[in-house]
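Novice: Sequence plus predicted model, see below.
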Amino acid sequence: MKIAVTYENGEVFQHFGHTEQFKIYEVAEGKVLSSRVVGTDGAGHGALAGFLSRNGVQALICGGIGGGAQAALAEAGIALYGGVSGDADSAVGALLAGNLGYDPNVHCDHHDHEHGEGRSCHGGEYGCGGHCGKN
């Protein structure tokens, strides 16, 4: 089984659609056999589910994630564990141990609001800022 984590500097990256890297773990019998960090080559929101599917990923751990991406992951048969923060390796260990704290109702709700002067989160000037994830 392969588990992917949105990844930045050892941590679970908090915005699925803007992740530039995934750490992909190969696991068997509840143990990590290997892991590697892979770049997304600039693939964004809609393309990331396909990217994960092509890499044989069966589960994803992430922070915030929008509804469209959730639907694409479901269609690809990838289990979603969203609303997670902290160390990526620890999150995978917790998932394997059956005690990962995640939010099954996670969504990133900042897609429709603006930060003033017509600038939105996706304008490149503003990142998720940690407000993706839990409601």
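Specialist: Good, I have the coordinates. These numbers were taken from a predicted model, which means no experiment stands behind them. Numbers count the residues shown, from 1 in each chain.
Novice: neighbours of Arg36, just the number please.
Specialist: Arg36 is flanked by 10 other residues according to other CB atoms under 10 Å. C-beta: built from backbone N, CA, C; applies to glycine.
Novice: does Phe51 sit in a helix, a strand or a coil?
Specialist: Three-state call for Phe51 (DSSP: H, G, I helix; E, B strand; the rest coil): helix.
Novice: ok, it to Ala74 distance?
Specialist: Separation of Phe51 from Ala74 (CB to CB, to the nearest Å): 16 Å.
Novice: Same drill for these two, tell me which one is more crowded.
Specialist: Taking neighbours as other CB under 10 Å, Phe51 and Ala74 compare with Phe51 leading, 17 against 12.
Novice: ok, that one touching Gly39?
Specialist: No. Between Phe51 and Gly39 there is no contact under CB atoms under 8 Å: 10.0 Å.
Novice: packing partners for the worst-scoring helix or strand of the chain on mean pLDDT?
Specialist: Using mean pLDDT, DSSP states H and E, helix 45-54 stands out as the lowest-scoring helix or strand of the chain, at a mean of 84. Counting contacts by 3 or more CB pairs under 8 Å, 6 or more residues apart in numbering; DSSP states H and E, helix 45-54 packs against helix 67-75.
Novice: With adjacent residues omitted, what lies nearest to Ser34?
Specialist: Glu26 (4.7 Å; CB to CB, 6 or more residues apart in numbering).
Novice: gap between the one you found and Gln14?
Specialist: Per CB to CB, Glu26 is found 24 Å from Gln14.
Novice: between the two, who's got more neighbours?
Specialist: Just comparing Glu26 and Gln14: by other CB under 10 Å the higher neighbour count belongs to Gln14, 24 against 14.
Novice: Tell me the predicted confidence for the more buried one.
Specialist: Here the pLDDT value assigned to Gln14 is 93.
Novice: Tell me, how many residues neighbour the nearest residue to it once chain neighbours are set aside?
Specialist: Among residues not flanking Gln14 along the chain, Gly63 sits closest, at 3.3 Å (CB to CB, 6+ apart). The local packing of Gly63 (other CB under 10 Å) involves 26 other residues.
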